[in-house]
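Chemist: take this sequence and fold it.
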Amino acid sequence: MADSRTRLGSFYDELRRRKVLRTAASYTVAAWVLLQVGEVTFQPLGVPDWVMTALIVLVVALFPVALAISWFFDLTRKGFQRNPEPEPAGTGDVPAALAPPHSAPTTEPASPSIAVLPFKDLSPDRDQIHLCDGIAEELLNRLAQITGLHVVSRTSSFRFRGMPVSASEIGEALGVGTVLEGSVRKDRNHLRITTQLIDVRNGFQLWSDTYDRDLEDIFDIQAEIATEVANALTVTLRTQSNKECCTTESARAYEYYLKGQHFFRRWGTRNMNFAIQMFTKAVEIDVDYGRAWAALADSHAMICMYWSASAEHLAAAERASVKALELLPGLAECHVSRGLSHIVHGEDAAAIAELETARRLDPKLFEAWYFYGRVRFQRGEIELAAELFEQAERLNPDDFQAPILLRQIYQSVGRPDDARAAARRGVERAERHLDLNPDDTRALNLSLGGQASLGNADKVREFARRTLEIDGENPDTLYNVACGYSLIGDTDAALDCLERASIHGMAIAGWVESDSDLAPLSALPRFRDLISRLRRSESERRPAAGPAHSR
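Modeler: Model (predicted):
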């Protein structure tokens, strides 16, 4: 009986998807009106009685024909199009590397829910991944404006890029009821964007469309898709103008912004410098592009924080963050950018004020909580830092940075079980990230301490070798490798890396002394001598002449 009810429910859902029920209702109303008109007008006009009988027979006979047509075809703005058959549910398992986080739901939430997958690049040269990701992310941001709609984070949904798994399997892994997927084909200035919204319970399409437009129409296309998805889910989208949402009306500036974001997320000085080039072009095209100014400030600040805080990058971070905040004083991201500039200038109080403002403006902004935690940790306020990192992890359960830093804090305050659990979460997430980005030294570096805490000394040495081969002259890499070696007892190798890191620009003695991963070195003369040299170096130059953080 239960199976029968399930099949009946699925059949009913399919009737709704193919709009058969809507067609039946519309046909009935139209037929009733037609027969009423015939009954009133035929006799005064002298129409023979058999005509009315024939009309009734015709109306009844055409009813199943109309239903059959609606089953196979849908009337769209482009005319009649054949309804696609439901996508067959996959039978394979989701690859282990792409398994959901430990806290991810395994059943569909009661409220409407959606995951936006990375769009496929079908351009002739396959060189538009930045545009594909940007369109998908913008749609994700727009859908997040819907009250009551659960939207999975970019990190969670984008990890399925290129994986041979069905929408139903992705929905089950992410705990959502619908999946939005699509493709982009860009040829010169022309775009073809196809999208489809899939019900993960049965693989049926709830809605699909194709957009053939010029690049200049990209903002309108994104708004149309978001509205269509909202309509299909019968929820209300709070629409924004292009200026409010993207802060530019220039498609060219927006494309450079998307290219910059593509490089920014890939980590490393080379990619960060490419990001700076792209964001600079964006603000040259549109000097009032607030989000691009904020992203430009972030890029310069990241270089200062992890690699080389030169006067040029410090000044650029300051200039761009001020400009972003002037243009968008109500946007939390701009306050984070301003906070990062204060951090790399060694202005903790000002940084804290900006990050607190960002948290107030957008309590769900991961970066506001995460970087606030970093500032508190650097100041030695580790218990407060733990609370901030914990909230950051709750906001982005796929992030590997916060749990790995939490592992370090928990260990230092005598919470070994929590430290081990945090290490395991962080390492698992970092490994999933590395499956898609094997050259990401950020994930490799932070994994070192987590692997050591879990007793995986061989993994520590493997990851140390990999990250040193990729980026072995950067202080960020050298410092984290030193932490990994310290935890597995390779003290000489750890001190060698720390000294090399200090030569290349690591300059915050307070951070080094607060780092529990380096506790095994704390009594060694070489370590105390290194701390003394760092403190002398700090006193001899203005604040933050080197990277503000080592992690």
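Chemist: list the contacts of stretch 471-484.
Modeler: Here stretch 471-484 makes contact (CB atoms under 8 Å, 6 or more residues apart in numbering) with 268-269, 306-307, 441, 445-446, 448-449, 451-452, 460, 463-464, 467-468, 470, 493-498, 500-502, 504-506, 515, 517-518, 546-547, 550-551. To be clear about C-beta, it is placed using only N, CA and C from the backbone, and glycine gets the same treatment.
Chemist: narrow those to those in helices?
Modeler: Cross-referencing these against helices under DSSP state H gives 269, 306, 441, 445-446, 448-449, 451-452, 460, 463-464, 467-468, 470, 493-498, 500-502.
Chemist: hmm, back to that, in PyMOL, select just the buried ones from the contacts of stretch 471-484.
Modeler: The PyMOL selection below is limited to those of the contacts of stretch 471-484 classed as buried (16 or more other CB atoms under 10 Å):
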select buried, resi 268+269+306+307+441+445+446+448+449+451+452+460+463+464+467+468+493+494+495+496+497+498+500+501+502+504+505+506+515+517+518+546+547+550+551
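Chemist: give the rounded mean pLDDT of whatever helix or strand G373 lives in.
Modeler: According to DSSP states H and E, G373 maps onto helix 366-378. For helix 366-378, mean pLDDT is 93.
Chemist: and it, what does it pack onto?
Modeler: Applying 3 or more CB pairs under 8 Å, 6 or more residues apart in numbering; DSSP states H and E, we find helix 366-378 packed against helix 332-344, helix 348-361, helix 382-395, helix 401-412, helix 509-514.
Chemist: apply 7 Å and report the result again.
Modeler: Helices and strands touching helix 366-378, as assessed by 3 or more CB pairs under 7 Å, 6 or more residues apart in numbering; DSSP states H and E, comprise helix 332-344, helix 348-361, helix 382-395, helix 509-514.
Chemist: quick one: which of the ones you listed is nearest D217?
Modeler: helix 332-344 (25.7 Å; CB to CB).
Chemist: contacts for the closest one?
Modeler: The contact list for helix 332-344, computed with CB atoms under 7 Å, 6 or more residues apart in numbering, reads 290, 294, 297-298, 301, 304-305, 309, 314, 317-318, 321, 324-325, 328, 350-351, 354-355, 357-358, 361-362, 365, 367-368, 371, 375, 544, 548.
Chemist: return stretch 374-391 as PDB; C-alpha atoms alone will do.
Modeler: Extracted in PDB, the C-alpha atoms of stretch 374-391 (Å, rounded to 0.1, in the frame of the first residue of the first chain):
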ATOM      1  CA  ARG A 374      42.600  35.900  13.800                       C
ATOM      2  CA  VAL A 375      43.100  39.400  15.300                       C
ATOM      3  CA  ARG A 376      42.000  38.100  18.700                       C
ATOM      4  CA  PHE A 377      44.400  35.200  18.400                       C
ATOM      5  CA  GLN A 378      47.300  37.400  17.500                       C
ATOM      6  CA  ARG A 379      46.600  39.500  20.600                       C
ATOM      7  CA  GLY A 380      46.700  36.300  22.700                       C
ATOM      8  CA  GLU A 381      43.000  36.400  23.500                       C
ATOM      9  CA  ILE A 382      42.600  32.700  22.500                       C
ATOM     10  CA  GLU A 383      39.400  31.900  24.300                       C
ATOM     11  CA  LEU A 384      37.600  34.700  22.500                       C
ATOM     12  CA  ALA A 385      39.300  33.700  19.300                       C
ATOM     13  CA  ALA A 386      37.900  30.200  19.800                       C
ATOM     14  CA  GLU A 387      34.400  31.500  20.000                       C
ATOM     15  CA  LEU A 388      34.800  33.500  16.800                       C
ATOM     16  CA  PHE A 389      36.300  30.600  14.900                       C
ATOM     17  CA  GLU A 390      33.500  28.300  16.100                       C
ATOM     18  CA  GLN A 391      30.900  30.700  14.700                       C
END
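Chemist: list the buried ones in it?
Modeler: R374, V375, R376, F377, Q378, I382, A385, A386, L388, F389, E390, Q391.
Chemist: give me every residue that touches the last one.
Modeler: Spelled out, it's Q391. Here Q391 is in contact with W369 (CB under 7 Å, 6+ apart).
Chemist: pLDDT value on it, please?
Modeler: So Q391 comes in at 95 (pLDDT).
Chemist: that one and R359, how far apart?
Modeler: According to CB to CB, to the nearest Å, Q391 and R359 sit 9 Å apart.
Chemist: now for the two: what residues contact both?
Modeler: In contact with both Q391 and R359: W369, using CB under 7 Å, 6+ apart.
Chemist: so can I have TSV of the helices and strands packed on helix 366-378 showing distance to L478?
Modeler: As requested, the helices and strands packed on helix 366-378 are exported to TSV (distance: least, CB to CB, whole Å):
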stretch	distance to L478
helix 332-344	19
helix 348-361	25
helix 382-395	23
helix 509-514	12
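Chemist: let me know which of those helices is tucked in deepest.
Modeler: Counting by mean count of other CB atoms under 10 Å, helix 332-344 has the highest mean neighbour count of the helices and strands packed on helix 366-378, with a mean of 27.
Chemist: between that one and helix 348-361, how big is the angle?
Modeler: Interaxial angle, helix 332-344 versus helix 348-361 (axes from the mean of the first three to the mean of the last three CA atoms, to 10 degrees): 170 degrees.
Chemist: who's in contact with the helix holding G373?
Modeler: With CB under 7 Å, 6+ apart, helix 366-378 has contacts from 332, 336, 339-340, 343, 348, 351-352, 355, 358-359, 362, 384-385, 388-389, 391-392, 395-396, 399, 401-402, 508, 510-511, 514, 549.
Chemist: angle of the helix or strand hosting D435 against helix 382-395?
Modeler: Here D435 sits within helix 416-436, counting by DSSP H and E. Calculated by the same axes, to 10 degrees, helix 416-436 forms an angle of 50 degrees with helix 382-395.
Chemist: got the angle between helix 416-436 and helix 401-412?
Modeler: Going by the same axes, to 10 degrees, helix 416-436 makes 150 degrees with helix 401-412.
Chemist: check which residues of helix 416-436 are buried.
Modeler: Quick answer for helix 416-436 (16+ other CB under 10 Å): 418-434, 436.
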